[in-house]
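Q: next input, structure requested:
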Amino acid sequence: MTDGASTTLIVSGLAGAGRSTALKALEDLGYEAVDNLPLTLLPTLLRREADPERPLAVGIDARSRAFEPDRLIAAIEAQRSDARTRLKLVYLDCDDDVLVKRFTETRRRHPLAVDRPIADGIGSERRLLSPLRDSADHVIDTTLLSSNDLRRLLAGHFDPARARRLLISILSFSFRRGLPREADLVFDVRFLRNPYYDETLRPLTGRDPAVRAHVESDPHFALFFMQVTDLLLGLLPRYQAEGKSYLTIAFGCTGGRHRSIAISDAVGERLVASGWLADVRHRDTLVPERLELPTNNREPVV
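A: As a prediction, the model looks like this:
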């Protein structure tokens, strides 16, 4: 950071949505991580001497001692008036059924339902934390995210080494598996001719030259590609000027293996050629990602 302000992240959200994973990821990025801080101690910690070189990440949720959402929100708002500190509230969310599955698989009890069904605790916590979610600067839904995906998102938003430069993540996906919840912009490419119906192309993916040539030969491809990339190249400077640090652009097709992959790669190549930082990921195929982080993708989000 270059403006002399220290960076502080308050990491909260639903139990099981990934707070522990998030704090570990932020610690790997150089943050000083403090977990389970009693709410009464937060104002003292936030008034620490500003240290632009050592950002701080503080984990607080319903398990923290003396936790009250309204008091936490008030403490955050009071600190935001201090020009020496750049403070953000990060809220981790997740669908109820996935949370139940995570608690069941790890054989953990929900902190708000020690002697009741897990679903009861999740419902109580969701109601308790709703004001906090509404006040958050960033809401990250981890329902469909692996631990690796969560680390990638956090690095894109909060890595202090990137010096506020916009990082673009381009994502291909299958509509059958649902919209990517982390996406800022979504484009539907199912109008393009589908290589799936060509028996020689069906077993391949959009990264194969034959599949990409097939997609690009569609008479509607050239105009779509030109208009989308021109739109993005016009918008990206505005996003960056507004202080956005991480942008996810998603392209979806039916199966997520052919058209969406081919066009994601093509768009990524043009953005990189235009001087932007961009990586391409393919969510719904076994094709290796272009950008690999040194983490175990099977590690659960906790």
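Q: ok but residue 20 is inside a strand, no?
A: No: secondary structure assignment (DSSP: H, G, I helix; E, B strand; the rest coil) places residue 20 in helix, not in a strand.
Q: could you check how far it is from residue 152?
A: Counting by CB to CB, to the nearest Å, the gap between residue 20 and residue 152 amounts to 17 Å. Every C-beta, even on glycine, is put in place using the N, C-alpha and C of the backbone.
Q: so where's the stretch 201-302 of the chain shaky on pLDDT?
A: For the stretch 201-302 of the chain, the stretches with pLDDT under 70 are 286-302.
Q: can you show me the helices along it?
A: Assigned helices in the stretch 201-302 of the chain, in chain order: 209-216, 221-241, 259-273 (criterion: DSSP state H, counting those that start in this stretch).
Q: okay, these in TSV with mean neighbour count next?
A: Below are the helices of the stretch 201-302 of the chain laid out as TSV (neighbours: other CB atoms under 10 Å):
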stretch	mean neighbour count
helix 209-216	17
helix 221-241	14
helix 259-273	22
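Q: pLDDT below threshold where in the stretch 1-150 of the chain?
A: Residues of the stretch 1-150 of the chain that meet the criterion pLDDT under 70 lie in 1-5, 48-53, 82-84.
Q: tell me the contacts of residue 263?
A: Under the criterion of CB atoms under 8 Å, 6 or more residues apart in numbering, the contact list for residue 263 reads 172, 189, 192, 206, 215, 221, 225, 251.
Q: the same query, at a cut-off of 6 Å, please.
A: If a contact means CB atoms under 6 Å, 6 or more residues apart in numbering, then residue 263 has 189, 251 as its contacts.
Q: so how far is residue 270 from it?
A: 11 Å.
Q: swap in residue 67?
A: When distance is defined by CB to CB, residue 67 is 48 Å away from residue 270.
Q: same check on residue 227?
A: Using CB to CB, which is the criterion applied here, residue 227 is 12 Å from residue 270.
Q: residues shared between the contacts of those two?
A: Going by CB under 6 Å, 6+ apart, no residue sits against residue 227 while also sitting against residue 270.
Q: isn't residue 247 right up against residue 168?
A: Yes: with contact defined as CB atoms under 6 Å, residue 247 counts as touching residue 168 (5.1 Å).
Q: can you tell me what sits against stretch 154-165?
A: Here stretch 154-165 makes contact (CB under 6 Å, 6+ apart) with 25, 29-30, 55, 167, 245-246.
Q: I misspoke; the intended subject was stretch 190-198.
A: Applying CB under 6 Å, 6+ apart, the external contacts of stretch 190-198 come out as 201-202, 211, 214-215, 218, 253-254, 258-259.
Q: distance from it to the middle of the chain?
A: Taking the mean of its C-alpha atoms, stretch 190-198 sits 30 Å from the chain's own mean (CA atoms, centre = their mean, to the nearest Å).
Q: for that stretch, buried residues please.
A: Within stretch 190-198, the residues that qualify as buried by neighbour count (16 or more other CB atoms under 10 Å) are 192-196.
Q: can you pull the contacts of the residue nearest to residue 255 when sequence neighbours are not counted?
A: The spatially closest residue to residue 255, leaving aside those adjacent along the chain, is residue 174, at 5.3 Å (CB to CB, 6 or more residues apart in numbering). Residues in contact with residue 174, defined by CB under 6 Å, 6+ apart, are 255-256, 284.
Q: got these as CSV, with distance to residue 112 columns?
A: Conversion of the contacts of residue 174 to CSV gives the following (distance: CB to CB, whole Å):
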residue, distance to residue 112
255, 40
256, 37
284, 34
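Q: what about those residues, which are in strands?
A: Counted as lying in strands by DSSP state E, out of these, is not a single one.
Q: and those, which is closest to residue 231?
A: Out of those, the one with the shortest distance to residue 231 is residue 256. That distance is 22.6 Å, counting by CB to CB.
Q: can you tell me how far the closest one is from residue 58?
A: Between residue 256 and residue 58 the distance, using CB to CB, works out to 37 Å.
Q: quick one, helices of the stretch 1-150 of the chain?
A: Counting by DSSP H, counting those that start in this stretch, the stretch 1-150 of the chain has these helices, from start to end: 19-28, 42-46, 69-80, 96-106, 118-135, 147-158.
Q: now do the fourth one and helix 118-135, the angle between them.
A: Translated: helix 96-106. Between helix 96-106 and helix 118-135, the angle formed by their directions is 120 degrees, by axes from the mean of the first three to the mean of the last three CA atoms, to 10 degrees.
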